[in-house]
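>>> Okay, predicted coordinates and the sequence, questions at the end:
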Amino acid sequence: MLPQPSFPPSSIPVRMSGRRVVVFPSAAELGPALAHLVASRADKALLDHGRFSLGLSGGSLVSMLSKELPALPDLDCSHWLAGFCDERLVPFNDGESTYGLYKNQLFSKINIPDSGVLAIDPSLSVQECAEDYARKLKEAFPKEDIPVFDLLLLGMGPDGHTCSLFPDHPLLEETQKIVAPISDSPKPPPQRVTMTFPMVNLARCVVFVSTGGSKAPVLKQVLEGGEGPALPAARVVPSHGELFWLIDEPAAASLTLQVERPGSAAKL
Ligand SMILES: O=C(O)[C@H](O)[C@@H](O)[C@H](O)[C@H](O)COP(=O)(O)O
């Protein structure tokens, strides 16, 4: 029997602005809460505009979502549009392909149609791939100059990167493109495509998931500030949307800011 979240996840209130840092005892308790948060934003989006657009990231999110989303009762993904916040330029059958991982581990278990998954074309050069993916995104969001995703799920590396936006990289200053190529990623594989800040920060809701003690120092820097330029993850500040940081106790170990602990009803 899996541990259940110690609060009804649907009680996560919707706030239009402000960052919420929510600490769970462990990743095992965070997972179900994340799934309920996804489902609640999906319900809202389907009511508001008949479709739910979700941006996915790699890392530990793949296994967490693949375990928790199919476990939700009555999850209907028939009107979902799933895209990728970033993707590695490798064939889909390569173990490094984020799309490949989600296809095998998640999409095969939920009723999202093939047409509801917006993937890159890994046969193209990295430059063409970014242009092609940007075009696909714009076609999928015809009413918007810059696509506005209902929900983006992000991870953060130990260097503070998010998407494929790495510290001190020129792509951090990109203002024109919604998707950019990167061919010198410090984390392999070197060739990737990534959403840029102008698009990320227009999302209606952004949720970071970060767990484990190895993330504690960088999490402190990102959430509480430090010397030098802001790390990429700290530059995710949705202009009109919600921002959640869902973390576990080991990752939160160095924080001194006020956080929410859903085990304590008084803080919700
Ligand atoms: O493309 C990649 O190389 C990874 O996807 C990477 O960006 C990952 O998302 C973060 O490092 C967070 O990883 P965790 O979720 O495992 O903390």
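Done, it's in. Since the model is a prediction, treat every value here as computed from it, not as a measurement. Numbering: from 1, shown residues only.
>>> quick one, what contacts the residue lying closest to E68 once chain neighbours are set aside?
Nearest in space to E68, with sequence neighbours left out and distances taken as CB to CB, 6 or more residues apart in numbering, is A35 at 3.7 Å. All C-beta atoms are positioned from the backbone trio N, CA, C, and that covers glycine. Contact analysis of A35 by CB atoms under 8 Å, 6 or more residues apart in numbering lists 9, 65, 68-69, 71-72.
>>> In CSV: those, plus neighbour count and pLDDT.
Compiled in CSV, the contacts of A35 are given as follows (neighbours: other CB atoms under 10 Å; pLDDT from 0 to 100):
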residue, neighbour count, pLDDT
P9, 17, 38
L65, 23, 98
E68, 20, 97
L69, 20, 98
A71, 13, 97
L72, 15, 96
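>>> ok, of the residues you listed, which one's closest to V218?
In terms of CB to CB, no member of the contacts of A35 lies closer to V218 than L65, at 22.3 Å.
>>> The longest helix anywhere in the chain: which residues count as buried?
In terms of residue count, the longest helix belonging to the chain (DSSP state H) is helix 27-49. Neighbour-count burial for helix 27-49, with 16 or more other CB atoms under 10 Å as criterion, is recorded at 27-42, 44-46.
>>> Near the ligand, list only the ones from those residues.
Residues of those in contact with the ligand (CB under 6 Å from any ligand atom): none.
>>> quick revisit: mind listing which of the contacts of A35 are in helices?
Among the contacts of A35, DSSP H puts 65, 68 in helices.
>>> Out of the contacts of A35, which comes closest to A119?
L65 (16.1 Å).
>>> What distance do you get for the closest one to R261?
To R261, L65 is 23 Å away according to CB to CB, to the nearest Å.
>>> which parts of the stretch 151-268 of the chain sit against the ligand?
Residues of the stretch 151-268 of the chain lying near the ligand by CB under 6 Å from any ligand atom: 155-157, 187, 210.
>>> Out of these, give me the one that has the most neighbours.
Counting neighbours by other CB atoms under 10 Å, S210 leads these with 28 neighbours.
>>> these two touch, right, that residue and A252?
No: the criterion here is CB atoms under 8 Å, and S210 misses it with A252 at 9.3 Å.
>>> Please spell out which residues along stretch 97-113 are buried.
Neighbour-count burial for stretch 97-113 flags 97-103, 106-107, 110, 112 (criterion: 16+ other CB under 10 Å).
>>> Would you convert those into JSON lines that also reports pLDDT?
Output for the buried residues of stretch 97-113, formatted as JSON lines (pLDDT from 0 to 100):
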{"residue": "S97", "pLDDT": "98"}
{"residue": "T98", "pLDDT": "98"}
{"residue": "Y99", "pLDDT": "98"}
{"residue": "G100", "pLDDT": "98"}
{"residue": "L101", "pLDDT": "98"}
{"residue": "Y102", "pLDDT": "98"}
{"residue": "K103", "pLDDT": "98"}
{"residue": "L106", "pLDDT": "98"}
{"residue": "F107", "pLDDT": "98"}
{"residue": "I110", "pLDDT": "98"}
{"residue": "I112", "pLDDT": "98"}
